[in-house]
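Peer 1: All I have is the shape, not the residue letters:
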(Lines give C-alpha, C1' and ligand atoms only; values in the text may rest on other atoms or scores of the structure.)
Protein backbone atom coordinates (compact mmCIF):
# COMPACT_ATOMS: atom_id res chain seq x y z
CA UNK A 1 0.00 0.00 0.00
CA UNK A 2 2.81 2.34 0.85
CA UNK A 3 4.47 1.57 -2.49
CA UNK A 4 1.26 2.31 -4.38
CA UNK A 5 0.81 5.60 -2.53
CA UNK A 6 4.43 6.46 -3.18
CA UNK A 7 4.01 5.74 -6.91
CA UNK A 8 0.86 7.87 -7.09
CA UNK A 9 2.62 10.70 -5.30
CA UNK A 10 5.57 10.55 -7.71
CA UNK A 11 3.19 10.52 -10.70
CA UNK A 12 1.35 13.57 -9.34
CA UNK A 13 4.61 15.42 -8.80
CA UNK A 14 5.84 14.55 -12.29
CA UNK A 15 2.53 15.63 -13.82
CA UNK A 16 2.69 18.91 -11.91
CA UNK A 17 6.26 19.52 -13.09
CA UNK A 18 5.31 18.77 -16.69
CA UNK A 19 2.34 21.17 -16.54
CA UNK A 20 4.49 23.79 -14.85
CA UNK A 21 7.09 23.43 -17.58
CA UNK A 22 4.48 23.75 -20.32
CA UNK A 23 3.00 26.85 -18.74
CA UNK A 24 6.45 28.36 -18.38
CA UNK A 25 7.30 27.56 -21.99
CA UNK A 26 4.06 29.09 -23.22
CA UNK A 27 4.73 32.14 -21.12
CA UNK A 28 8.23 32.44 -22.56
CA UNK A 29 6.91 32.05 -26.09
CA UNK A 30 4.25 34.68 -25.58
CA UNK A 31 6.86 37.01 -24.18
CA UNK A 32 9.42 36.33 -26.90
CA UNK A 33 7.04 36.43 -29.89
CA UNK A 34 4.98 39.63 -29.63
CA UNK A 35 2.24 40.47 -32.14
CA UNK A 36 3.45 41.87 -35.46
CA UNK A 37 4.34 45.55 -35.22
CA UNK A 38 1.29 47.73 -35.67
CA UNK A 39 -1.02 44.75 -36.29
CA UNK A 40 -3.61 45.80 -33.76
CA UNK A 41 -3.77 49.36 -35.08
CA UNK A 42 -3.96 48.23 -38.72
CA UNK A 43 -6.88 46.02 -37.74
CA UNK A 44 -8.67 49.15 -36.61
CA UNK A 45 -8.86 50.14 -40.28
CA UNK A 46 -11.75 48.86 -42.41
CA UNK A 47 -9.19 47.62 -44.95
CA UNK A 48 -7.53 44.36 -45.95
CA UNK A 49 -4.04 44.05 -47.37
CA UNK A 50 -4.04 42.91 -51.02
CA UNK A 51 -0.39 43.18 -52.05
CA UNK A 52 2.85 45.13 -51.92
CA UNK A 53 3.99 45.97 -55.45
CA UNK A 54 7.79 46.50 -55.60
CA UNK A 55 8.76 49.95 -56.84
CA UNK A 56 12.06 50.78 -58.54
CA UNK A 57 14.77 53.09 -57.29
CA UNK A 58 16.07 53.90 -53.85
CA UNK A 59 14.23 53.98 -50.54
CA UNK A 60 13.72 57.74 -50.78
CA UNK A 61 10.69 59.96 -50.37
CA UNK A 62 7.61 59.33 -52.49
CA UNK A 63 5.12 62.16 -52.85
CA UNK A 64 1.82 62.76 -54.67
CA UNK A 65 0.22 60.22 -57.00
CA UNK A 66 -2.54 60.48 -59.60
CA UNK A 67 -4.71 57.80 -61.17
CA UNK A 68 -6.00 57.65 -64.76
CA UNK A 69 -9.07 55.35 -64.70
CA UNK A 70 -9.25 55.20 -68.50
CA UNK A 71 -5.77 53.81 -69.03
CA UNK A 72 -5.71 52.07 -65.62
CA UNK A 73 -2.38 53.73 -64.86
CA UNK A 74 -1.17 55.15 -61.57
CA UNK A 75 1.48 57.90 -61.69
CA UNK A 76 3.65 58.24 -58.57
CA UNK A 77 6.08 61.07 -57.82
CA UNK A 78 9.37 59.58 -56.61
CA UNK A 79 10.64 62.80 -55.14
CA UNK A 80 13.93 61.48 -53.78
CA UNK A 81 14.90 59.91 -57.11
CA UNK A 82 13.58 62.73 -59.34
CA UNK A 83 11.32 60.56 -61.49
CA UNK A 84 7.69 59.64 -62.07
CA UNK A 85 6.87 55.94 -61.69
CA UNK A 86 4.04 54.49 -63.79
CA UNK A 87 2.14 51.46 -62.46
CA UNK A 88 -0.35 49.32 -64.38
CA UNK A 89 -2.88 48.58 -61.64
CA UNK A 90 -4.44 45.63 -63.48
CA UNK A 91 -1.10 43.91 -64.02
CA UNK A 92 0.19 45.06 -60.60
CA UNK A 93 3.55 46.04 -62.02
CA UNK A 94 5.66 49.05 -62.97
CA UNK A 95 5.52 49.76 -66.70
CA UNK A 96 7.66 52.91 -66.96
CA UNK A 97 10.00 55.30 -65.18
CA UNK A 98 10.05 58.91 -66.39
CA UNK A 99 13.34 60.54 -65.35
CA UNK A 100 14.59 64.14 -65.18
CA UNK A 101 11.76 65.50 -63.03
CA UNK A 102 13.91 67.04 -60.32
CA UNK A 103 12.54 66.68 -56.76
CA UNK A 104 9.09 65.90 -58.18
CA UNK A 105 6.31 66.71 -55.72
CA UNK A 106 2.94 66.97 -57.45
CA UNK A 107 1.61 64.82 -60.27
CA UNK A 108 -1.77 65.12 -61.99
CA UNK A 109 -3.22 62.99 -64.80
CA UNK A 110 -5.68 64.66 -67.18
CA UNK A 111 -7.21 61.67 -69.02
CA UNK A 112 -9.19 63.70 -71.55
CA UNK A 113 -5.96 65.23 -72.84
CA UNK A 114 -3.82 62.08 -72.54
CA UNK A 115 -1.47 64.26 -70.52
CA UNK A 116 0.18 64.13 -67.10
CA UNK A 117 1.66 67.16 -65.36
CA UNK A 118 4.33 67.01 -62.68
CA UNK A 119 5.83 69.73 -60.49
CA UNK A 120 9.63 69.59 -60.61
CA UNK A 121 10.44 71.49 -57.44
CA UNK A 122 14.18 71.06 -57.90
CA UNK A 123 14.10 73.20 -61.05
CA UNK A 124 10.90 75.20 -60.24
CA UNK A 125 9.18 73.85 -63.34
CA UNK A 126 5.91 72.28 -64.36
CA UNK A 127 6.63 69.31 -66.64
CA UNK A 128 4.17 67.97 -69.22
CA UNK A 129 4.23 64.23 -70.00
CA UNK A 130 2.52 62.52 -72.94
CA UNK A 131 0.53 59.53 -71.66
CA UNK A 132 0.83 57.63 -74.94
CA UNK A 133 4.62 57.77 -75.13
CA UNK A 134 5.31 58.38 -71.42
CA UNK A 135 7.85 60.99 -72.39
CA UNK A 136 8.30 64.64 -71.37
CA UNK A 137 6.96 66.97 -74.06
CA UNK A 138 7.20 70.42 -72.43
CA UNK A 139 8.59 72.36 -69.49
CA UNK A 140 7.31 75.68 -68.17
CA UNK A 141 8.07 78.01 -65.22
CA UNK A 142 6.34 76.90 -62.02
CA UNK A 143 7.08 79.73 -59.61
CA UNK A 144 9.13 78.91 -56.51
CA UNK A 145 8.58 75.47 -54.98
CA UNK A 146 5.63 74.20 -57.10
CA UNK A 147 3.68 71.46 -55.33
CA UNK A 148 0.03 70.32 -55.68
CA UNK A 149 -2.03 70.89 -58.84
CA UNK A 150 -5.63 71.07 -60.07
CA UNK A 151 -7.23 71.35 -63.51
CA UNK A 152 -10.15 73.56 -64.58
CA UNK A 153 -11.42 71.88 -67.79
CA UNK A 154 -13.76 74.64 -68.99
CA UNK A 155 -10.89 77.09 -69.36
CA UNK A 156 -8.16 74.50 -70.13
CA UNK A 157 -5.98 75.75 -67.27
CA UNK A 158 -3.74 74.01 -64.78
CA UNK A 159 -3.31 75.58 -61.33
CA UNK A 160 -0.16 74.80 -59.33
CA UNK A 161 0.46 75.66 -55.68
CA UNK A 162 3.64 77.72 -55.43
CA UNK A 163 4.21 76.78 -51.80
CA UNK A 164 6.96 79.09 -50.58
CA UNK A 165 6.43 81.68 -53.31
CA UNK A 166 2.96 82.46 -51.89
CA UNK A 167 1.34 82.38 -55.33
CA UNK A 168 -0.72 80.21 -57.65
CA UNK A 169 0.85 79.47 -61.04
CA UNK A 170 -1.59 79.21 -63.97
CA UNK A 171 -0.72 77.18 -67.08
CA UNK A 172 -2.69 77.08 -70.35
CA UNK A 173 -2.52 73.36 -71.21
CA UNK A 174 -3.31 74.01 -74.89
CA UNK A 175 -0.07 75.91 -75.35
CA UNK A 176 1.85 74.73 -72.28
CA UNK A 177 2.57 78.33 -71.37
CA UNK A 178 2.33 80.13 -68.05
CA UNK A 179 -0.46 82.69 -68.42
CA UNK A 180 -0.89 84.10 -64.90
CA UNK A 181 0.56 84.27 -61.40
CA UNK A 182 -1.94 84.93 -58.59
CA UNK A 183 -0.57 86.34 -55.29
CA UNK A 184 -2.15 84.59 -52.30
CA UNK A 185 -0.49 86.39 -49.39
CA UNK A 186 0.89 83.36 -47.59
CA UNK A 187 2.43 79.91 -47.87
CA UNK A 188 0.31 77.75 -50.16
CA UNK A 189 -1.03 74.26 -49.44
CA UNK A 190 -2.94 72.03 -51.80
CA UNK A 191 -5.15 73.19 -54.70
CA UNK A 192 -8.47 71.64 -55.81
CA UNK A 193 -11.12 72.23 -58.51
CA UNK A 194 -14.84 72.30 -57.70
CA UNK A 195 -16.90 71.03 -60.69
CA UNK A 196 -20.13 72.61 -59.40
CA UNK A 197 -18.94 76.21 -59.00
CA UNK A 198 -16.24 75.76 -61.68
CA UNK A 199 -13.86 77.54 -59.30
CA UNK A 200 -10.44 76.71 -57.90
CA UNK A 201 -9.94 76.47 -54.13
CA UNK A 202 -6.54 76.81 -52.47
CA UNK A 203 -5.25 76.38 -48.92
CA UNK A 204 -3.24 79.34 -47.66
CA UNK A 205 -1.70 77.52 -44.76
CA UNK A 206 0.12 80.33 -42.95
CA UNK A 207 -3.12 82.36 -42.85
CA UNK A 208 -5.42 79.42 -41.99
CA UNK A 209 -7.59 80.41 -44.94
CA UNK A 210 -9.30 78.75 -47.87
CA UNK A 211 -9.13 80.94 -50.97
CA UNK A 212 -11.56 80.83 -53.89
CA UNK A 213 -10.34 81.73 -57.41
CA UNK A 214 -12.46 82.40 -60.49
CA UNK A 215 -10.47 80.79 -63.34
CA UNK A 216 -12.20 82.83 -66.03
CA UNK A 217 -10.44 85.95 -64.77
CA UNK A 218 -7.72 84.36 -62.56
CA UNK A 219 -8.61 86.47 -59.55
CA UNK A 220 -9.41 85.75 -55.92
CA UNK A 221 -13.15 86.17 -55.34
CA UNK A 222 -13.37 85.12 -51.67
CA UNK A 223 -11.34 84.20 -48.61
CA UNK A 224 -12.70 81.97 -45.86
CA UNK A 225 -11.30 81.71 -42.34
CA UNK A 226 -10.88 78.17 -41.01
CA UNK A 227 -11.49 78.36 -37.24
CA UNK A 228 -10.06 75.39 -35.39
CA UNK A 229 -7.46 74.77 -38.09
CA UNK A 230 -3.70 75.27 -37.99
CA UNK A 231 -1.52 75.10 -41.11
CA UNK A 232 -4.21 73.78 -43.46
CA UNK A 233 -2.32 71.79 -46.08
CA UNK A 234 -4.34 68.86 -47.49
CA UNK A 235 -7.55 69.58 -49.40
CA UNK A 236 -10.24 67.54 -51.12
CA UNK A 237 -13.60 68.70 -52.51
CA UNK A 238 -16.60 66.36 -52.52
CA UNK A 239 -18.63 68.44 -54.96
CA UNK A 240 -21.86 66.36 -55.03
CA UNK A 241 -22.18 66.60 -51.24
CA UNK A 242 -21.05 70.27 -51.25
CA UNK A 243 -18.28 69.56 -48.77
CA UNK A 244 -14.59 70.37 -48.65
CA UNK A 245 -12.24 68.43 -46.39
CA UNK A 246 -9.22 70.28 -45.02
CA UNK A 247 -6.32 68.46 -43.35
CA UNK A 248 -4.39 70.64 -40.89
CA UNK A 249 -0.79 69.69 -40.22
CA UNK A 250 -0.29 72.15 -37.36
CA UNK A 251 -2.80 70.54 -35.00
CA UNK A 252 -3.67 67.19 -36.68
CA UNK A 253 -7.30 68.08 -37.42
CA UNK A 254 -9.67 67.34 -40.29
CA UNK A 255 -12.06 70.22 -40.90
CA UNK A 256 -15.34 69.72 -42.73
CA UNK A 257 -16.18 72.86 -44.72
CA UNK A 258 -19.75 73.36 -45.96
CA UNK A 259 -19.41 74.71 -49.51
CA UNK A 260 -22.94 76.16 -49.51
CA UNK A 261 -22.80 77.83 -46.10
CA UNK A 262 -19.12 78.71 -46.66
CA UNK A 263 -18.06 77.75 -43.15
CA UNK A 264 -16.47 74.99 -41.08
CA UNK A 265 -19.19 72.73 -39.65
CA UNK A 266 -17.21 69.89 -38.03
CA UNK A 267 -13.74 68.99 -36.82
CA UNK A 268 -12.10 65.61 -36.19
CA UNK A 269 -8.83 64.53 -34.56
CA UNK A 270 -6.72 62.53 -37.03
CA UNK A 271 -3.23 61.04 -37.31
CA UNK A 272 -0.08 63.14 -36.99
CA UNK A 273 0.96 65.38 -39.91
CA UNK A 274 -1.94 64.68 -42.29
CA UNK A 275 -1.08 65.23 -45.93
CA UNK A 276 -2.98 63.70 -48.87
CA UNK A 277 -6.71 62.89 -49.05
CA UNK A 278 -8.62 60.62 -51.43
CA UNK A 279 -12.33 59.97 -51.89
CA UNK A 280 -14.19 56.92 -53.19
CA UNK A 281 -17.57 58.34 -54.27
CA UNK A 282 -19.78 55.23 -54.59
CA UNK A 283 -19.39 53.97 -51.01
CA UNK A 284 -18.78 57.51 -49.75
CA UNK A 285 -15.44 56.73 -48.16
CA UNK A 286 -12.80 59.37 -47.39
CA UNK A 287 -9.13 58.53 -46.72
CA UNK A 288 -6.72 60.86 -44.93
CA UNK A 289 -3.07 59.77 -45.01
CA UNK A 290 -0.43 61.13 -42.64
CA UNK A 291 3.34 61.43 -42.43
CA UNK A 292 3.41 59.28 -39.28
CA UNK A 293 1.92 56.39 -41.26
CA UNK A 294 -1.53 56.69 -39.68
CA UNK A 295 -4.53 56.56 -42.02
CA UNK A 296 -7.95 57.86 -40.97
CA UNK A 297 -11.07 56.59 -42.78
CA UNK A 298 -14.44 58.38 -42.83
CA UNK A 299 -17.91 57.55 -44.05
CA UNK A 300 -19.54 60.43 -45.98
CA UNK A 301 -23.28 60.22 -46.57
CA UNK A 302 -24.53 63.60 -47.69
CA UNK A 303 -23.81 66.00 -44.84
CA UNK A 304 -23.19 63.13 -42.38
CA UNK A 305 -19.49 62.55 -41.85
CA UNK A 306 -18.26 59.91 -39.38
CA UNK A 307 -14.90 58.37 -38.63
CA UNK A 308 -15.09 54.59 -39.16
CA UNK A 309 -11.47 53.60 -38.59
CA UNK A 310 -7.95 54.78 -37.90
CA UNK A 311 -4.65 52.97 -37.67
CA UNK A 312 -1.05 52.75 -38.76
CA UNK A 313 -0.93 51.39 -42.29
CA UNK A 314 2.80 51.54 -42.95
CA UNK A 315 5.91 53.70 -42.59
CA UNK A 316 5.46 57.23 -43.93
CA UNK A 317 2.09 56.39 -45.52
CA UNK A 318 1.26 60.04 -46.26
CA UNK A 319 -0.10 59.61 -49.81
CA UNK A 320 -3.22 57.79 -51.02
CA UNK A 321 -5.13 57.31 -54.27
CA UNK A 322 -8.34 55.34 -54.92
CA UNK A 323 -9.60 53.36 -57.91
CA UNK A 324 -13.37 54.08 -57.93
CA UNK A 325 -14.06 50.98 -60.05
CA UNK A 326 -12.43 48.40 -57.75
CA UNK A 327 -12.49 50.55 -54.56
CA UNK A 328 -8.87 49.62 -53.94
CA UNK A 329 -6.63 52.20 -52.30
CA UNK A 330 -2.93 52.70 -53.08
CA UNK A 331 -0.30 53.86 -50.59
CA UNK A 332 3.30 54.43 -51.79
CA UNK A 333 5.74 53.58 -48.96
CA UNK A 334 9.34 54.70 -49.31
CA UNK A 335 10.99 52.03 -47.18
CA UNK A 336 9.68 48.55 -46.43
CA UNK A 337 12.58 46.19 -45.67
CA UNK A 338 14.96 48.54 -47.46
CA UNK A 339 12.99 49.20 -50.63
CA UNK A 340 10.02 51.28 -51.82
CA UNK A 341 6.69 49.53 -52.37
CA UNK A 342 3.15 50.36 -53.37
CA UNK A 343 0.83 48.97 -50.69
CA UNK A 344 -2.54 47.95 -52.12
CA UNK A 345 -5.56 47.76 -49.80
CA UNK A 346 -9.19 46.75 -50.32
CA UNK A 347 -12.30 47.51 -48.27
CA UNK A 348 -12.79 44.91 -45.59
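Peer 2: The structure has been received and is ready for your questions. Bear in mind the structure is a predicted one, so any value in this text is a computation, not a measurement. Numbering: from 1, shown residues only.
Peer 1: Low-confidence ranges, the stretch 51-200 of the chain, go.
Peer 2: For the stretch 51-200 of the chain, no stretch has pLDDT under 70.
Peer 1: Strands of that one, residue ranges please.
Peer 2: Defined through DSSP state E, counting those that start in this stretch, the strands belonging to the stretch 51-200 of the chain, from first to last, are 65-68, 73-78, 83-88, 93-98, 104-110, 115-120, 125-130, 135-141, 146-152, 157-162, 167-172, 177-183, 188-194, 199-204.
Peer 1: out of those, which comes closest to residue 242?
Peer 2: Between residue 242 and the strands of the stretch 51-200 of the chain, the shortest separation by Cβ to Cβ is 9.2 Å, and it involves strand 188-194. No exception for glycine: its C-beta is placed from N, CA and C like everyone else's.
Peer 1: Against which helices or strands is that closest one packed?
Peer 2: Based on contacts counted as 3 or more Cβ pairs under 8 Å, 6 or more residues apart in numbering; DSSP states H and E, the elements that strand 188-194 packs against are strand 146-152, strand 157-162, strand 167-172, strand 199-204, strand 232-238.
Peer 1: Residue 313: which of the ones you listed is closest?
Peer 2: Nearest to residue 313 among the helices and strands packed on strand 188-194 is strand 232-238 (16.0 Å), distances taken as Cβ to Cβ.
Peer 1: so can I have TSV of the strands of the stretch 51-200 of the chain showing mean neighbour count?
Peer 2: What follows is the strands of the stretch 51-200 of the chain, written out as TSV (neighbours: other Cβ atoms under 10 Å):
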stretch	mean neighbour count
strand 65-68	21
strand 73-78	26
strand 83-88	22
strand 93-98	16
strand 104-110	25
strand 115-120	26
strand 125-130	22
strand 135-141	15
strand 146-152	25
strand 157-162	26
strand 167-172	23
strand 177-183	15
strand 188-194	25
strand 199-204	24
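Peer 1: Between those, which one is closest to residue 249.
Peer 2: Relative to residue 249, the nearest member of the strands of the stretch 51-200 of the chain by Cβ to Cβ is strand 188-194, separated by 8.5 Å.
Peer 1: Walk me through which strands that closest one pairs with, and which way each runs.
Peer 2: Sheet pairing here is set by DSSP bridges, and for strand 188-194 it gives strand 199-204 (antiparallel).
Peer 1: taking the mean pLDDT, what do you get for whichever helix or strand comes after the strand it pairs with?
Peer 2: From strand 199-204 onward toward the C-terminus, using DSSP states H and E, the following helix or strand is strand 209-214. Averaging pLDDT along strand 209-214 gives 98.
Peer 1: export the helices and strands packed on strand 188-194 to TSV and tack on distance to residue 308?
Peer 2: Listed next are these as TSV, based on distance: least, Cβ to Cβ, whole Å:
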stretch	distance to residue 308
strand 146-152	26
strand 157-162	30
strand 167-172	34
strand 199-204	25
strand 232-238	16
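Peer 1: nearest to residue 186, of those strands?
Peer 2: The nearest among these, by Cβ to Cβ, is strand 199-204 at 4.3 Å.
Peer 1: can you list contacts of that closest one?
Peer 2: Contacts of strand 199-204 from elsewhere in the structure, counted by Cβ atoms under 8 Å, 6 or more residues apart in numbering, are 150, 152, 159, 161, 168, 184-194, 209-215, 221, 223, 232-235, 237, 244, 246.
Peer 1: how does it look with 6 Å?
Peer 2: In this structure, residues lying in contact with strand 199-204 by Cβ atoms under 6 Å, 6 or more residues apart in numbering are 150, 159, 168, 184, 186, 189-193, 210-215, 232, 235.
Peer 1: And stretch 180-190, by the same measure?
Peer 2: For stretch 180-190, the surrounding residues in contact (Cβ under 6 Å, 6+ apart) are 148, 161-163, 166-170, 203-207, 211, 218, 232-235.
Peer 1: how big is the angle separating the helix or strand harbouring residue 309 from strand 232-238?
Peer 2: Secondary-structure element containing residue 309, defined by DSSP H and E: strand 304-312. With axes from the mean of the first three to the mean of the last three Cα atoms, to 10 degrees applied, the angle from strand 304-312 to strand 232-238 works out at 130 degrees.
Peer 1: Good, wrapping up.
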